[in-house]
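Chemist: from the sequence below, what's the structure:
(2 chains)
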Protein chains: 2
Amino acid sequence: MLFSFEKKFPGMKRLFPKPKEDKMGTKTFEIGPINKEKGEEARNYIDTLTKPPGSLGRLEELAIQLAEIQAAKLPAVTPPGVIVFAADHGVTAEGVSAFPKEVTAQMVANFLHGGAAINVFSRQIGALFKIVDVGVATNIEHDDLIVRKVGSGTANFYKERAMSKEDAEKAINIGFEQAEGLITKGIKCLIVGEMGIGNTTSSSAILAAVTGGNLSALIGCGTGIPPEKLSHKQQIIAHALENLKPDPKDPIDILSKVGGFEIAAMAGSMIAAAQHRIPILVDGFICTMSAILADMLANGCRDYMIIGHESVEPGHLAAIEWLGKRPLLKLDMRLGEGSGAAIAFPILQSAALMINEMATFATAGISGNEKS
Amino acid sequence: MLFSFEKKFPGMKRLFPKPKEDKMGTKTFEIGPINKEKGEEARNYIDTLTKPPGSLGRLEELAIQLAEIQAAKLPAVTPPGVIVFAADHGVTAEGVSAFPKEVTAQMVANFLHGGAAINVFSRQIGALFKIVDVGVATNIEHDDLIVRKVGSGTANFYKERAMSKEDAEKAINIGFEQAEGLITKGIKCLIVGEMGIGNTTSSSAILAAVTGGNLSALIGCGTGIPPEKLSHKQQIIAHALENLKPDPKDPIDILSKVGGFEIAAMAGSMIAAAQHRIPILVDGFICTMSAILADMLANGCRDYMIIGHESVEPGHLAAIEWLGKRPLLKLDMRLGEGSGAAIAFPILQSAALMINEMATFATAGISGNEKS
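Modeler: Residues are numbered from 1 along each chain as shown, chains lettered A, B, ... in the order given. Presented below is the predicted three-dimensional model:
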């Protein structure tokens, strides 16, 4: 058993229909239902606050969702936690990315020195921050780097499966434990980000595998390949899907065939957050793939998710809609690292502060609109 | 001369074609041009930061706009300042609003006690905050209330002009001076908000007067009148425009005929901000009417504006497009008070922090995408 699940959550139990065809089986995890009663309490309370009913729009919906997630009429989202998972991708050998593979390790160093976008935005929102190496091809030594390598990058899925099913589960487990670490430290909202040159290609393959959608509509330029490289990238993915035939219903099969270590780890983190009733603020395209996989692994996990932004990657909106969600922001971003989620975090904070701090019509002595 | 303009800004001079038909004349104010060179410096510098070029989307555009406004490659937006102007509207006698007129004064008391939405969001963003009574019908006494009444609410513009031209200029002047007060205290970004039951009706009339647009397309439910009241509101406005015939090219004429004291004051504040190179973060529908009037009074003022959000009021998008802008957020809000701008402020802050704090490819030792 990879997850010491029953020990950690004595009140919950893991669902365990192990598929017969495979030793590891597809794990699914029990997620407690969100608390609709507390959501209703929050909704009624919001209507007593000194503003016309509904006039704060999506902030009100957000506050209600947070109340449902945390099972508390007055939810809180600070401090947030940010975990960036980094890993390399063998498929970069096929020339699918705008940047050379070495950039993964170079950017990890940048994260460690505080100079990347996600560092800046994490400081802005007062987040607890950590960076986890789940499979960077280079060895990086730094006191602040958490090293939990599952491998030295995935295999090239154009030629063979990206990783074993055992490694996929191992990466999920690492993500789960890393999130639990921050939750123990008191974070009230989880943001996960990623760094892995080539991971847009992996994510497009996952999305096509899960949805069966038309590849050409789902594939974009990632962090910035030129348009002429796009059809090459599409051919690489089409060939891999044809060759490996990932089972659209089996997240471990999909991850092991066309996934990435960081994508698996992010999914594991999200499951941990949902089990602890911590709202998950989802970032861009790659992160949303982890969100979909997390929801497949742990039914109901999506109820704990809020989509921070819609990126310019064309598959992102399809993925968001697959989850039945609406993004908070649309700022034409396509960076990853968790940056879009961090930018969206103050909106969640506004929603929580609204319900916690605004006066009611009764306490403020204000005439309601029923009198007009 | 109502504005001691030349004294305050010895380097600038007021443009002064006084229209012959009126003693007060239409004032226009000279606004310095934004600094395109500094914008270009910022753009070039942003392309050296550790992220694929353009991958932070609108954050990059914002940072460049802030650099142009502040004439500084590395702009700053903290601390922001929030001024809420409150005044009453005579047209509420016609039953155009969802709330009784008394709510204006009651909400001012709520602002003074820190319980309104704009209080909560101002605290969240660390804003300097003040509330100015420019014409509430009731007298409110409180140490923190700045009382600069132009009148006890406007006249009912269904029957007569809302105010004299002198009063319109007086209200603009008050707004100008209040903003200068906060600018002297060091604010780096200005948000203005309003409280005035009936001011959506006034704003719709202003928009129709300025744009000549179709009233039925521009008029909405404000903070929440029922749909059956909408055609009544439309008739009131149509009658007023027909009766008073505001000159679409003359902002003082428009303000005096169908405006409000707080709408005029907000316009004055924006002019002061633009003259001091302080970015103006514009709120919702009513605030955007002030923005349009400010730009008519002071050509180029719009270059100093950023639109925080698009509200659900149908005329808002038309007004935003009239200014040639795109809103940052769309969260289905319709509260006013400056609340939507305050919610959007952290995005401006992210843009400024990005350019100030991110590492460059050179300093971080990262391979550029030209190597791939």
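Chemist: ok, which stretches of chain A are strands?
Modeler: Taking DSSP state E to define them, one finds strands in chain A at A:80-87, A:128-135, A:145-147, A:189-195, A:280-282, A:305-307.
Chemist: what pLDDT, on average, does the first one get?
Modeler: Meaning strand A:80-87. For strand A:80-87, mean pLDDT is 98.
Chemist: now do that strand against strand A:128-135, angle only.
Modeler: Orientation of strand A:80-87 against strand A:128-135 (axes from the mean of the first three to the mean of the last three CA atoms, to 10 degrees) gives an angle of 20 degrees.
Chemist: the closest residue in space to A:G181 that isn't next to it in sequence and A:A86: what is the separation?
Modeler: Distances taken as CB to CB, 6 or more residues apart in numbering or on different chains put A:K130 closest to A:G181, at 7.9 Å, once the chain neighbours are dropped. Bear in mind the C-beta positions are built from the backbone N, C-alpha and C, glycine included. Note on A:K130: its distance to A:A86, by CB to CB, to the nearest Å, is 11 Å.
Chemist: isn't A:C189 up against A:G81?
Modeler: Yes. Look at A:C189 against A:G81 with CB atoms under 8 Å: they come within range, at 7.2 Å.
Chemist: higher neighbour count, those two?
Modeler: More crowded of A:C189 and A:G81, by other CB atoms under 10 Å in any protein chain shown: A:C189, with 28 against 25.
Chemist: show me what contacts that one?
Modeler: A:77-78, A:80-81, A:278-281, A:345, A:348 (CB atoms under 8 Å, 6 or more residues apart in numbering or on different chains).
Chemist: please apply the same query to A:V96.
Modeler: So A:V96 contacts A:198, A:201, A:225, A:229, A:232-233, A:236 (CB under 8 Å, 6+ apart).
Chemist: of those, closest to B:G213?
Modeler: Distance to B:G213 across these (CB to CB) is lowest for A:I225, with 43.8 Å.
Chemist: mind checking pLDDT for the nearest residue to the closest one once chain neighbours are set aside?
Modeler: Nearest residue to A:I225 in three dimensions, chain neighbours excluded: A:A98, at 4.6 Å (CB to CB, 6+ apart). The predicted structure scores A:A98 at 87 on the pLDDT scale.
Chemist: relative to A:A179, how far out is A:A98?
Modeler: 30 Å.
Chemist: of those two, which one has the most company?
Modeler: The residue with more neighbours, out of A:A98 and A:A179, is A:A179; 28 against 21, by other CB under 10 Å.
Chemist: residues contacting the more buried one?
Modeler: Taking CB under 8 Å, 6+ apart as the test, what A:A179 contacts is A:81, A:83, A:190, A:192, A:268-270, A:272-273, A:278.
Chemist: burial measure for the residue lying closest to A:G39 once chain neighbours are set aside, as a count.
Modeler: Nearest non-adjacent residue to A:G39, counting by CB to CB, 6+ apart: A:E68, 3.8 Å away. For A:E68, the count of nearby residues is 25 (other CB under 10 Å).
Chemist: before we move on, the earlier item: more neighbours, A:K130 and A:A86?
Modeler: Ranked by neighbour count (other CB under 10 Å), A:K130 and A:A86 place A:A86 first, with 27 against 19.
Chemist: do I have it right that the more buried one meets A:G193?
Modeler: No. Contact criterion CB under 8 Å: A:A86 and A:G193 do not qualify, at 9.3 Å.
Chemist: tell me the gap between stretch A:94-105 and the middle of its chain.
Modeler: 22 Å (CA atoms, centre = their mean, to the nearest Å).
Chemist: now swap in stretch A:127-147 and tell me
Modeler: 18 Å.
Chemist: could you dump that stretch to CSV, C-alpha only?
Modeler: C-alpha atoms of stretch A:127-147 as CSV (Å, rounded to 0.1, in the frame of the first residue of the first chain):
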residue,chain,number,x,y,z
ALA,A,127,2.3,32.1,0.9
LEU,A,128,4.3,29.3,2.5
PHE,A,129,6.4,28.2,-0.4
LYS,A,130,8.3,25.0,-1.3
ILE,A,131,10.0,23.5,-4.3
VAL,A,132,10.1,19.8,-4.8
ASP,A,133,12.4,17.9,-7.3
VAL,A,134,10.3,14.9,-8.3
GLY,A,135,12.5,14.0,-11.2
VAL,A,136,14.8,16.7,-12.7
ALA,A,137,17.4,15.0,-14.9
THR,A,138,20.2,17.0,-13.2
ASN,A,139,21.1,16.8,-9.5
ILE,A,140,20.7,20.1,-7.7
GLU,A,141,22.0,20.6,-4.2
HIS,A,142,20.5,23.4,-2.1
ASP,A,143,19.3,23.5,1.5
ASP,A,144,15.8,24.6,0.5
LEU,A,145,15.3,22.1,-2.3
ILE,A,146,13.2,19.1,-1.3
VAL,A,147,14.6,16.2,-3.3
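Chemist: and that stretch, what's its mean pLDDT?
Modeler: Here the average pLDDT along stretch A:127-147 is 97.
Chemist: tell me which residues in that stretch are buried?
Modeler: Judged by neighbour count (16 or more other CB atoms under 10 Å in any protein chain shown), stretch A:127-147 contains these buried residues: A:127, A:129-137, A:140, A:145.
Chemist: which one of the contacts of A:V96 is nearest chain B?
Modeler: Of all these, A:I225 has the smallest distance to chain B: 8.4 Å, by CB to the nearest CB.
Chemist: contact partners for the residue nearest to A:G39?
Modeler: A:E68 neighbours (CB under 8 Å, 6+ apart): A:34-36, A:38-39, A:42, A:303.
Chemist: ditto for A:A264
Modeler: A:134, A:168, A:171-172, A:175, A:255, A:290, A:293.
Chemist: separation between it and chain B?
Modeler: From A:A264 across to chain B, the span is 24 Å (CB to the nearest CB, to the nearest Å).
Chemist: quick check: closest non-adjacent residue to that residue.
Modeler: Of all residues beyond its chain neighbours, the one nearest A:A264 is A:A171 (3.6 Å), with distances taken as CB to CB, 6+ apart.
Chemist: so that neighbour makes contact with A:V132?
Modeler: No. Applying CB under 8 Å, one finds A:A171 not in contact with A:V132, separated by 10.2 Å.
Chemist: list residues touching both of the two?
Modeler: When contacts are counted by CB under 8 Å, 6+ apart, A:A171 and A:V132 are jointly contacted by A:A265.
Chemist: what separates A:E177 from A:I292, distance-wise?
Modeler: For A:E177, the distance to A:I292 - CB to CB - is 21 Å.
Chemist: repeat for A:L329
Modeler: A:L329 is 20 Å from A:I292, by CB to CB.
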